[in-house]
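Enquirer: No letters, just coordinates:
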């Protein structure tokens, strides 16, 4: 997996932050606004490169969800409680 450029990393960090805070993926329009772009085409270009590099999962043009590769997925393990039913 190739490392992202600083611009690609900034977008990737924003996607991760958004997913962590909301539980869903951000829209391309939202990402364009956060990155300071007037058009979404730049975001689409960066998303395509991040997918090629393996940081995002490939999606079809009609599939709007942005999905992180397994490298960025985390599993939250909650400790079992000894006071079950309390």
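Expert: Nice, thanks for sending it over. Computed from a predicted model, the values in this text were never measured in an experiment.
Enquirer: and the nearest residue to residue 53 once chain neighbours are set aside, which of the three is it?
Expert: Leaving aside its sequence neighbours, residue 53 sits nearest to residue 2 (Cβ to Cβ, 6 or more residues apart in numbering; 4.5 Å). The way it works is simple: take the backbone N, C-alpha and C, and place the C-beta from them, glycine included. Three-state assignment for residue 2 (DSSP: H, G, I helix; E, B strand; the rest coil): coil.
Enquirer: Could you count how many residues lie near residue 2?
Expert: 11 (other Cβ atoms under 10 Å).
Enquirer: separation between it and residue 27?
Expert: Relative to residue 27, residue 2 is positioned 26 Å away (Cβ to Cβ, to the nearest Å).
Enquirer: cool, and residue 13?
Expert: The gap separating residue 13 from residue 27 is 17 Å, by Cβ to Cβ.
Enquirer: if you count what's nearby, which of those two comes out ahead?
Expert: Counted by other Cβ under 10 Å, residue 13 and residue 27 do not tie: residue 27 has more neighbours, with 14 against 11.
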